[in-house]
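Trainee: Sequence below, structure please.
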Amino acid sequence: MAEIEESSKSPNNEPKNEAVPGVPEESDPGVDKAVDDIVRSEGDDELKAQDEAAAKAIVMKLSPWERFKNAQRNWWGNPRKKWSTIAILIIIVAGLAAIPFIRYNIAGLFVHEKVTVEAIDSKTGKPVSGAEIEIGGLRAETDGEGLAVLYPHAGSKHLLASKNYYSGSTQTILVTLSPNKNVFKARLVALGRLVSVKVVNTITNAPLENAEIVAGTTTAKTNSNGLADVILPSSASTQSASIDLSGYNTAQTTITASGDLSKNTFAITPTGKLYFLSNLSGTIDVVKTNLDGTDRQTVLAGTGDEDPNDTSLLASRDWKYLALLSRRSGSTASLYLIDTTNGDKLTTIDEGNATFSPVGWSGDRFIYLVDRSNTVSDWQSDQVALKSFNPSTGQLLSLDQTQASGTSETNYAKQDFSDVYLIGNQVVYTKSWEGNGLDALNGKQAELDSIGPDGSDSRVVKTFTPSSYATNSFGYTQISLTARLYEPDELYMDFSGNDTDSFYEYVDGNVNPTTDVTSDSFYASTYPTYLLSPSGNSTFWAEPRDGQNTLFVGDQNGDNQKQVANLSPYSAYGWYTDSYLLLSQNSSELYIMPATGGTPLKITDYYKPPINYNDYGGGYGGL
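Mentor: The predicted structure is shown next:
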């Protein structure tokens, strides 16, 4: 007991509470529990009573926080009290949750929900595009359909809608946990004059969605029908405007404050540049324009040394690269590259004392022939080379070179690359022989070879052994293999190394004899040049009928054809993306039209040298 008494005093030996050593008047569960922890159960009743009184005196000296913790342990240690408390809390929470306003505000502490707002003109009921919507600090702009989507917290929110030349709209909304119920209308009152505007594609005349119209200080976006309502100041009869849409050139125009939609229908042109030759300046220049002929610029001015009969410009299918054959100085032409992705940078592909003959673009590589007849004799090898140029790396690669034998002009045998075609991802070409002198061609064979444009997968597809030799008008003996492209990836071949011509067909990398052609049909027939689209999935070609052309689009094999023009004065020229066809008229006028057909739109006049690349469809500008 002495120990208990000592602990109940302050350091000054004074009681810590006036109630000590008496028992407090009000019972405290925390105190009771603390006392039970202190008082022993042994001893007589009088001693126990004294212990309890002393223990309570000690407990009352605890801090409020310690007494609260003691009471908490006692409360939750009683099962009846604990579960009663839990039941009461559940009832309170369930009651609050039953009230939507409170329920969604509670959920809003944790949950974001989708909210769709439609801004409409209060008078016409039409959608209002370009309106700013704000909910709970989040902002979004309405699209061409007048719709905006936000993801605020659930609960009670303020919805504000505003736009220039409209009075603002404010309302209180309840954002629920169901997106289908979170659809609201914001009605805006126009303060100016409402004018309808339509935006279409220059080439297809199709309506354009989400084109942004900026007129003064207000904006609008077109809907799926290409329509938008623009608010003009009440005093304005016209308003300057710009129209902008990703993938299209920005257009500057003027909106008229009238109800006539035809006066406010504007065409914008897809982005992109077309490159062509022009001698409008008096020299043969490389020129570019937009797809509608606007923004004409000279890319490379001619020097005046160009040969009008031996200049050509071949564009790759994606229009990233241009191969230019031109004599810009000296007595011979050189091959140049124009990189349209790098500021139309000009570099030299190949040059020298030789004759260069473009074959075309095989993917991203340019294929051409080099004839060195003026420096390499007929009995010497390497007179003709088949080359490949990679514009992305600048790599120049020799794919193959001709062979030869002999000692002089009266005693030689030389090889020639007779026909070169770009089929699939292969360069396919024939090898023929010419000889002068007795037995000059003994043991020689014609060949059909193929090789990848990067030099890989080189192989002899088939050899052709003559049983006799034909002699040409100059008295030279020949082993001749001639090929013609009659479909996008298929060749007919005439081997004239025998007493009679033998005909073959090249399909899918294999050669077999064919009876589908004769000498008359092989040389007299006109086969279309199938122009391959940039993706490689479509072809475009022309067939002459009744003195004019019928134009077709088909799949990559020329099958499943669709006629896009009948008895037309236009010829096939190329593609611009897979969406547009390029046409020429009179070999001097360039046009564009939708790949699905339609009315051609003239782009420009251009210069077409008298040189054609028939049977070449891997790029554009050769027809």
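Trainee: So what does Ser196 have for phi and psi?
Mentor: phi -90, psi 140 (degrees, to the nearest 10).
Trainee: actually Leu208, not the one I typed
Mentor: Dihedral angles (degrees, to the nearest 10) for Leu208: phi -120, psi 130.
Trainee: What segments of the stretch 451-600 of the chain are helices?
Mentor: Along the stretch 451-600 of the chain, counting by DSSP state H, counting those that start in this stretch, helices occupy 519-524.
Trainee: Quick check: can you list the domain ranges of this structure?
Mentor: 2-98, 104-190, 193-268, 531-620 (automatic domain parsing).
Trainee: Low-confidence stretches in the stretch 101-250 of the chain?
Mentor: Along the stretch 101-250 of the chain, segments meeting pLDDT under 70 span 101-110.
Trainee: Tell me where it has strands.
Mentor: For the stretch 101-250 of the chain, the strands defined by DSSP state E, counting those that start in this stretch occupy 115-121, 132-135, 138-141, 147-150, 155-162, 166-167, 169-175, 183-190, 193-201, 212-215, 218-221, 227-232, 238-244.
Trainee: To Thr529, which of those strands lies closest?
Mentor: Nearest to Thr529 among the strands of the stretch 101-250 of the chain is strand 193-201 (28.2 Å), distances taken as Cβ to Cβ. For glycine as for every other residue, the C-beta is placed from the backbone atoms N, C-alpha and C.
Trainee: which helices and strands does the closest one pack with?
Mentor: strand 227-232, strand 251-256, strand 265-268 (3 or more Cβ pairs under 8 Å, 6 or more residues apart in numbering; DSSP states H and E).
Trainee: again, only this time at 7 Å
Mentor: The elements that strand 193-201 packs onto, with contact taken as 3 or more Cβ pairs under 7 Å, 6 or more residues apart in numbering; DSSP states H and E, are strand 227-232, strand 265-268.
Trainee: Return the most buried member of those.
Mentor: Mean neighbour counts were compared across those using mean count of other Cβ atoms under 10 Å; the top stretch is strand 227-232, at a mean of 24.
Trainee: which other residues reach that strand?
Mentor: 121, 126, 129, 144, 165-166, 190, 192-198, 213, 215, 218, 220-222, 239, 255, 257 (Cβ atoms under 7 Å, 6 or more residues apart in numbering).
Trainee: Can you tell me how far Val175 is from Gly155?
Mentor: 6 Å (Cβ to Cβ, to the nearest Å).
Trainee: So the two - more neighbours on which side?
Mentor: Val175 (29 against 22; other Cβ atoms under 10 Å).
Trainee: In contact with the more buried one, which residues?
Mentor: Val175 touches Tyr104, Glu113, Val115, Pro152, Ala154, Gly155, Lys157, Asn182, counting by Cβ under 7 Å, 6+ apart.
Trainee: and the last one, what does it touch?
Mentor: If I follow you right, that is Asn182. Glu113, Lys114, Val115, Thr116, Val175, Thr176.
Trainee: Apply 6 Å and report the result again.
Mentor: Glu113, Val115, Val175, Thr176 (Cβ atoms under 6 Å, 6 or more residues apart in numbering).
Trainee: Pick out the most distant pair among those.
Mentor: Most distant of these, by Cβ to Cβ, are Val115 and Thr176, 9.5 Å apart.
Trainee: closest one to Leu531 among the strands of the stretch 101-250 of the chain?
Mentor: That would be, of the strands of the stretch 101-250 of the chain and by Cβ to Cβ, strand 193-201, which comes in at 22.3 Å.
Trainee: between the contacts of Val175, which is nearest Gly293?
Mentor: Distances from Gly293 to these, taken as Cβ to Cβ, are shortest for Val115 (46.7 Å).
Trainee: Tell me the bridge partners for the closest one.
Mentor: Leu150 (DSSP bridges).
Trainee: who has more neighbours, Val115 and Thr176?
Mentor: Neighbour count, other Cβ under 10 Å: between Val115 and Thr176, Val115 has more, with 26 against 17.
Trainee: if I pick the more buried one, what's in contact with it?
Mentor: Going by Cβ under 6 Å, 6+ apart, Val115 touches Leu150, Val175, Asn182.
Trainee: Return the closest of these with respect to Leu396.
Mentor: Of the contacts of Val115, the one sitting nearest to Leu396 (Cβ to Cβ) turns out to be Leu150, at 57.4 Å.
Trainee: For the closest one, which residues are in contact?
Mentor: By Cβ under 6 Å, 6+ apart, the residues touching Leu150 are Val115, Ile135, Leu138, Ala140.
Trainee: quick one: it and Gly168, what's the gap?
Mentor: 17 Å.
Trainee: swap in Lys157?
Mentor: From Lys157 to Gly168 the distance is 16 Å (Cβ to Cβ).
Trainee: count of neighbours near Lys345?
Mentor: Lys345: 10 surrounding residues under other Cβ under 10 Å.
Trainee: same thing with Ala315?
Mentor: 24.
Trainee: and it, what helix or strand is that in?
Mentor: strand 312-316 (DSSP states H and E).
Trainee: Take that strand, keep the C-alpha atoms, and write them as PDB.
Mentor: Extracted C-alpha coordinates of strand 312-316, given in PDB (Å, rounded to 0.1, in the frame of the first residue of the first chain):
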ATOM      1  CA  SER A 312      13.300  12.200-118.400                       C
ATOM      2  CA  LEU A 313      12.000  12.400-114.800                       C
ATOM      3  CA  LEU A 314      10.800   9.300-113.000                       C
ATOM      4  CA  ALA A 315       9.200   9.500-109.600                       C
ATOM      5  CA  SER A 316       9.200   6.700-107.100                       C
END
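Trainee: That one: partners in the sheet, and parallel or antiparallel?
Mentor: Neighbouring strands of strand 312-316 in its sheet, by DSSP bridges, are strand 321-326 (antiparallel), strand 619-620 (antiparallel).
Trainee: Adding distance to Thr298, write those out as a markdown table.
Mentor: Converted to a markdown table, the strands paired with strand 312-316 look like this (distance: least, Cβ to Cβ, whole Å):
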| stretch | distance to Thr298 |
| --- | --- |
| strand 321-326 | 14 |
| strand 619-620 | 20 |
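Trainee: Let me have the ones you listed in JSON lines, extended by mean neighbour count.
Mentor: Below are the strands paired with strand 312-316 laid out as JSON lines (neighbours: other Cβ atoms under 10 Å):
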{"stretch": "strand 321-326", "mean neighbour count": "24"}
{"stretch": "strand 619-620", "mean neighbour count": "29"}
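Trainee: Out of these, name the one with the poorest average pLDDT.
Mentor: Set side by side, the strands paired with strand 312-316 give their lowest mean pLDDT on strand 619-620, at a mean of 94.
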